[in-house]
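[1] Sequence and predicted model, in that order:
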Amino acid sequence: MALRAVFFDLDGTLLDTAKDLSAALNKTLEEDGRPTLPFSETRGIVSEGSYALVKKGYALNDDDPQVPVLRQRLLDHYLQDLSRHTTPFDGIEALIDTIHQHGLSWGIVTNKPWPYAEPLMQRFEFASAPSCVLSPEHVKHRKPDPESLFLACEQTNCHVSEAIYIGDHRRDIECGRNAGMPTIAVSYGYIAEGDNIEDWQADHCVDHVSEIWPLLEHYLD
């Protein structure tokens, strides 16, 4: 393998968005006179998305008709204040700078809806621009289906054998494996209580961003 591209999941892998998403949930709860949730209770489910946050905050089941309505209210709050607390994870900016210096491309493959992913990414500037930012709206099947990674490779002009996918959720690793590319699981993201990244069958597992580049170097030649 001669590495040409590195693809990242967004929430919990590239950007630390949990506090802003949690704040949006709590604004929704406050509007309804309900108790807010401490960050310690919501951080671990951010990668599950806004549906999971609403179900957690309101103690609802999947099929409760209130869930879609409450989710949209949460997302409206989130869109109004996307990045008050959001930052790249420690070491991400240096990692992308190193990726750029070595002539590699990088991109984003996320399940975050495009109306939120696109304006969020506009607020951050890295050493180089991403070759792609792909959300569920760009494909027929979302992760863990590999369609989004195939499209990422197409837009980056590389083969799946020349790319690596990095994520903080089991579905990210399954997506990469389904696409036939190496994967890196990160524990610094939003890992659900009781989950263990070692169980996801990723090619590599790391606890900090600084551990990623030494792994990528092995794929350069």
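    Everything's here; your move.
[2] tell me the domain ranges of this protein?
    As given by automatic domain parsing, the domain ranges for the chain are 5-16+86-217, 18-80.
[3] Out of the ones you listed, which one sits most buried?
    domain 5-16+86-217 (a mean of 19; mean count of other Cβ atoms under 10 Å). In short, each C-beta sits where N, CA and C put it, glycine included.
[4] rewinding a little: any chance of the domains of the chain in a markdown table, with mean pLDDT too?
    Listed next are the domains of the chain as a markdown table, based on pLDDT from 0 to 100:
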| stretch | mean pLDDT |
| --- | --- |
| domain 5-16+86-217 | 97 |
| domain 18-80 | 94 |
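[5] doesn't residue 15 make contact with residue 85?
    No. With contact defined as Cβ atoms under 8 Å, residue 85 does not reach residue 15; the gap is 10.6 Å.
[6] how about the helices in the protein?
    For the chain, helices defined by DSSP state H occupy the ranges 18-31, 39-42, 50-58, 66-80, 92-101, 114-121, 147-156, 170-179, 212-217.
[7] and these as a markdown table, adding distance to residue 7?
    Shown next, in a markdown table, are these (distance: least, Cβ to Cβ, whole Å):
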| stretch | distance to residue 7 |
| --- | --- |
| helix 18-31 | 21 |
| helix 39-42 | 26 |
| helix 50-58 | 23 |
| helix 66-80 | 24 |
| helix 92-101 | 11 |
| helix 114-121 | 14 |
| helix 147-156 | 5 |
| helix 170-179 | 8 |
| helix 212-217 | 12 |
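[8] Export stretch 80-93 to PDB, keeping only CA atoms.
    As requested, the backbone C-alpha atoms of stretch 80-93 are provided in PDB (Å, rounded to 0.1, in the frame of the first residue of the first chain):
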ATOM      1  CA  GLN A  80     -27.700  29.000  15.900                       C
ATOM      2  CA  ASP A  81     -24.600  28.300  17.900                       C
ATOM      3  CA  LEU A  82     -22.500  25.700  16.100                       C
ATOM      4  CA  SER A  83     -19.000  26.300  17.400                       C
ATOM      5  CA  ARG A  84     -19.000  28.300  20.700                       C
ATOM      6  CA  HIS A  85     -17.100  25.500  22.400                       C
ATOM      7  CA  THR A  86     -16.100  23.300  19.500                       C
ATOM      8  CA  THR A  87     -12.400  22.900  18.700                       C
ATOM      9  CA  PRO A  88     -10.200  20.500  16.900                       C
ATOM     10  CA  PHE A  89      -9.000  17.700  19.200                       C
ATOM     11  CA  ASP A  90      -5.600  18.300  20.700                       C
ATOM     12  CA  GLY A  91      -3.000  17.500  18.000                       C
ATOM     13  CA  ILE A  92      -5.400  17.400  15.000                       C
ATOM     14  CA  GLU A  93      -4.000  20.700  13.500                       C
END
